[in-house]
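Enquirer: A structural model of the following input is requested.
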Amino acid sequence: MKNYILIIICFVCSTIVYSQDEQQLGVLESDTTWLKEIIKFPIGFAPEIKYTGYEDLRFAKQWRNQDSEDFWCYMFVWHVDGIQKPTTEYLEQQIKFYYDGIMKAVNKKKDFVVPETKVQLENSSDAEADLLGKIDVHDSFNTEDLITLNVQVKTYYCKANNTTNMVFKLSPQAFNGEIWERFKTVKLHDDVCEN
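Expert: Alright, predicted model coming up:
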């Protein structure tokens, strides 16, 4: 009986410490209309991505509702160690690893081969993005069909703490859609380069 109590106490303590560690991570500020998730690198479903650091995600609350304008609208930051300056082709490959991995991981159809993700990024002269593009990906979460996501990528370099923040904003809405203005309400912390 004492062993069981000791095991339970150890489990509860480790869960509390892990949860506190996860709560301290994050480089994005958002209000309660956005759902939050943190994933540490290496990412289990995409081990080919060799960064160290973490991913800070924000989902529009109705991102999984096919009838909502928020369907598949979300953003994330890859907060990674070192000053990373990937080429466009390299970043396209990393995004492909990411989406191929997650869609295979959540696929529910036995013996179904998830189609490969296609990523196309181009340099942008827009102040909001270094790169603009499209991602054609199989939606294993909801529709179990192909979906096209428009994507903006903006990179911020933090020499003071030797980190890079790659901000990705994604939506099936055209770039003039309402969600792109709402994305602007989710911001990097002011002190992102100090931590």
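
Enquirer: now do the contacts for D139.
Expert: 72, 103, 145-147 (Cβ atoms under 8 Å, 6 or more residues apart in numbering). All C-beta spots, glycine's among them, are computed from the backbone N, C-alpha and C.

Enquirer: okay, it: pLDDT?
Expert: Note on D139: pLDDT of 96.

Enquirer: please apply the same query to I83.
Expert: 97.

Enquirer: quick one: it is in a strand?
Expert: No - I83 sits outside any strand when classified using DSSP: H, G, I helix; E, B strand; the rest coil, being coil.

Enquirer: give me the number of residues near the nearest residue to it once chain neighbours are set aside?
Expert: Closest residue to I83 apart from its sequence neighbours, by Cβ to Cβ, 6 or more residues apart in numbering: Y157 at 5.4 Å. Number of residues near Y157 (other Cβ atoms under 10 Å) recorded here: 14.

Enquirer: now Y157: phi and psi?
Expert: phi -110, psi 130 (degrees, to the nearest 10).

Enquirer: that one against D130, yeah?
Expert: No - counting by Cβ atoms under 8 Å, Y157 does not reach D130; the two are 11.2 Å apart.

Enquirer: before we move on, back to that, for the residue nearest to I83, which residues are in contact?
Expert: Contacts here follow Cβ under 8 Å, 6+ apart; on that basis Y157 touches 83, 164-165.
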